[in-house]
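Novice: Build me a structure from this.
(chains A and B)
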Number of protein chains: 2
Amino acid sequence: MNDTLPSWHDTPTKQAILDFVATVTDESSPCYVPPAERIAVFDNDGTLWCEQPAPAQFFFGVDRVQALAPQHPEWHDQEPFASMLKGDYDAVFAGGEQALLELVMATHAGMTTVEFEQIVRDWLATAKHPTFNRPFTECVYRPMLELLACLRANGFKNYIISAGGIEFMRAWSEQVYGMPPEQVVGSSIQTKYELRNGEPVLLRLPKLNFLGDKAAKPVAIHRHIGRRPLMAFGNSTGDQQMLEYTQGGSGARFMMLILHDDAQREVAYGPTRGLPDVKLGTFPPALDEQAQQGGWIVVSMKDDWKQIFPA
Amino acid sequence: MNDTLPSWHDTPTKQAILDFVATVTDESSPCYVPPAERIAVFDNDGTLWCEQPAPAQFFFGVDRVQALAPQHPEWHDQEPFASMLKGDYDAVFAGGEQALLELVMATHAGMTTVEFEQIVRDWLATAKHPTFNRPFTECVYRPMLELLACLRANGFKNYIISAGGIEFMRAWSEQVYGMPPEQVVGSSIQTKYELRNGEPVLLRLPKLNFLGDKAAKPVAIHRHIGRRPLMAFGNSTGDQQMLEYTQGGSGARFMMLILHDDAQREVAYGPTRGLPDVKLGTFPPALDEQAQQGGWIVVSMKDDWKQIFPA
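Specialist: Numbering: from 1, shown residues only, chains lettered A, B, ... in the order given. Next up, the predicted model:
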């Protein structure tokens, strides 16, 4: 099975993953878990792909504001749009969750679900990551792609449980992660069914439906999956409750946090760097301590991963 | 493939199902659909199991009110509880959706999700259908169980899209229908994540989260599945939009309504019987007409089904 994780160094981290998978799939083991219950949940931003200097969906929002600005002359004097148009993202983040939600409602609503999916796909086809200068879908972590494939091959069903927009992720999750839309869960706005010229459509409304971060992650897991996960992967305080909830199940459970400590190949923003939580997933010392106490595995991107991104 | 539906008479209805499945799974057909997109959605009450004289969950509510009444002396003078305790269900239904929601909040909330699941299972283990005098889980339609199995064998993923309670159904859907919890969607109340004596639990709150009937069914399908279904099965106006939405997809689609016209073996409540919608799924002449115009198949339980219930 070792060959299934070629981008992982032969460290105890890799061994812990392989041991766990071997144990729960071994019918003679007391920890055997039937395939239907092999649920693995993954945070997305910072766990499956790069979230620095901001999650891809933020840059999608930036480009949407630019694209829609001609129809909204008032945005030049109105926050958070004015700062967004000037590229002053720190000012945008200073507005907190409220400012980000306002941006989402102004840029992610007002079209059908089919139209929105196309907007995301068109954007992804040309957008480039601001520092790595490659498509966002190539800023995924190669070791994690291998892990997803390894779990799938062992009868696991992989789910994304993200605070990111569910429909933003579903537009590319199947192609990039091999995760079909029904295995992608995130924050959402409301939709409304209607007949438009006789055609049944779902219209995206500028109203929040669900914000899927922190304590809302176990809620989302229960709502969409209805089972406690066997394995959970995250990288920040936003994932704390998801990992706790997974740990709370009976029998063998596996919890993993990815520590961004590779300044050379990605960005270092581990426990020693207290960035504002709204902007980035943070991994404060308290989370590190909880991980140690709970037997959660902490991946060092620097030491555990041979390669970060696909070639 | 004919042998896979032994409880169906050899009528055009059965042939339409088999032809559709054969076509979309035939790689040489222009209508071929890859397995990942073979989504079939089913209403539950009246489509997969008996909903007369009321859906099983209603009787669950009746028994819950009885069980909790000693702790609520005020219920004897308070509607809808007073009528419920007296067995005057018509008076309960007369209170409309509001009365039913009040009953749900009083009887389905205040415990953890794990506790609730156990309550449902314990109830189902002993409760009997009031007229058929057998467990509710044996009041499922045998021809539909065969259909679910046939679709599964042909690479379909079957989902329940019901107005019934999602957690009520998930407690038995895997055992009875072979549908794992993640393929069961319904109405829901809110849950809250918390640590209880250090144990992570989800507490069920007396607050509505989602009411999954009528125009909310396509919304639920999009939220949980993220794809337009290939096949949709219902039996009432509550399923109209789900079937419309399915029909609106490109390529081959299959829509089916079950007409309850078998007074001998079940209950006849077809287009000629205008029962209050809150109480029962209704199949008015207008729906019949829409079915004809849309090429939806209408199953006559009397003429198309050899047997209704399992032996």
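
Novice: tell me the helices in the stretch 201-311 of chain A, going along the chain?
Specialist: A:216-224, A:240-247, A:285-294, A:301-304 (DSSP state H, counting those that start in this stretch).

Novice: In space, what's closest to residue A:267 - neighbours in sequence excluded?
Specialist: residue A:52 (4.1 Å; Cβ to Cβ, 6 or more residues apart in numbering or on different chains). The C-beta positions use only the backbone N, C-alpha and C, and glycine is treated the same way.

Novice: helix/strand/coil for that neighbour?
Specialist: coil (DSSP: H, G, I helix; E, B strand; the rest coil).

Novice: before we move on, the earlier item: any chance of the helices of the stretch 201-311 of chain A in TSV, plus mean neighbour count and distance to chain B?
Specialist: Output for those, formatted as TSV (neighbours: other Cβ atoms under 10 Å in any protein chain shown; distance: least, Cβ to the nearest Cβ, whole Å):
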stretch	mean neighbour count	distance to chain B
helix A:216-224	24	4
helix A:240-247	24	5
helix A:285-294	14	11
helix A:301-304	18	27
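
Novice: Which part of the stretch 201-311 of chain A gets nearest to chain B, residue-wise?
Specialist: Nearest residue of the stretch 201-311 of chain A to chain B, counting by Cβ to the nearest Cβ: residue A:226, 2.8 Å away.

Novice: Against residue B:177, how distant is that residue?
Specialist: 14 Å (Cβ to Cβ, to the nearest Å).

Novice: which ones are touching residue A:196?
Specialist: If you count contacts by Cβ atoms under 8 Å, 6 or more residues apart in numbering or on different chains, residue A:196 has them with A:112, A:203.

Novice: pretty sure residue A:40 contacts residue A:233?
Specialist: Yes - with contact defined as Cβ atoms under 8 Å, residue A:40 counts as touching residue A:233 (7.3 Å).

Novice: With neighbour numbers in mind, choose between the two.
Specialist: residue A:233 (29 against 23; other Cβ atoms under 10 Å in any protein chain shown).

Novice: Next up, phi/psi of the residue nearest to residue A:267, please.
Specialist: Here is the backbone geometry of residue A:52 (degrees, to the nearest 10): phi -110, psi 140.

Novice: How about residue A:53?
Specialist: The phi/psi pair for residue A:53 (degrees, to the nearest 10) is phi -80, psi -10.

Novice: From chain B, how far off is it?
Specialist: Distance check for residue A:53 against chain B: by Cβ to the nearest Cβ, to the nearest Å, it reads 29 Å.

Novice: Pretty sure that residue sits against residue A:131.
Specialist: Yes - with contact defined as Cβ under 8 Å, residue A:53 counts as touching residue A:131 (6.8 Å).

Novice: shaky segments in the stretch 101-250 of chain A?
Specialist: Applying pLDDT under 70 to the stretch 101-250 of chain A picks out no residues at all.

Novice: Get me the contact residues on the stretch 151-300 of chain A for chain B.
Specialist: Residues of the stretch 151-300 of chain A lying close to chain B (Cβ under 8 Å from any Cβ of the partner chain) are A:157, A:166-167, A:170, A:174, A:180-182, A:184, A:188, A:191-195, A:199-202, A:215-219, A:222-227, A:241, A:244-245, A:247-248.

Novice: change it to 6 Å
Specialist: A:170, A:180-182, A:191, A:193, A:199-200, A:202, A:215, A:218-219, A:222, A:225-227, A:241, A:244-245, A:248 (Cβ under 6 Å from any Cβ of the partner chain).
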